[in-house]
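Peer 1: Compute the structure for the input listed below.
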Amino acid sequence: MVRAYTPKVLTANRLIEGDVVYYGHNGEWVLSHDDALFLEDEVQANDLLASANKQAALLVGAYLADAALENGKPIPTHFREDFRTRGPSNYAHGKQAEV
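Peer 2: From the prediction side, this is the model:
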């Protein structure tokens, strides 16, 4: 039986600042979920995750998060990931201050 692959985005936190970041189209880490690379290929996603896990001087907690495509942009499909797109919740700063 073939297992269906759910598309993902690669996410982590910056080691120093703690910001939530996403792996972007040009191989850079970006702050916006909208700018994340939408990973429809499981092998590519796992390769990028392995690479991210080797960036210990820059990142912590890298993982693949389920995503869907809406109007050409990746959107989170789980409430935890949706919550992470808005930044810290203890008071309005960072991404929350911009909203």
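Peer 1: Just list what the helix or strand harbouring residue 12 packs against, helices and strands only.
Peer 2: Per DSSP states H and E, residue 12 falls inside strand 8-14. If contacts are counted by 3 or more CB pairs under 8 Å, 6 or more residues apart in numbering; DSSP states H and E, strand 8-14 sits against strand 20-23, helix 42-52, strand 59-70. The way it works is simple: take the backbone N, C-alpha and C, and place the C-beta from them, glycine included.
Peer 1: Tell me which of these is the most buried.
Peer 2: strand 20-23 (a mean of 24; mean count of other CB atoms under 10 Å).
Peer 1: model confidence over that one, on average?
Peer 2: Per-region confidence: strand 20-23 scores 96 on mean pLDDT.
Peer 1: quick one: contacts of it?
Peer 2: 9-14, 29-33, 35-37, 48, 52, 59, 84-85, 87 (CB atoms under 8 Å, 6 or more residues apart in numbering).
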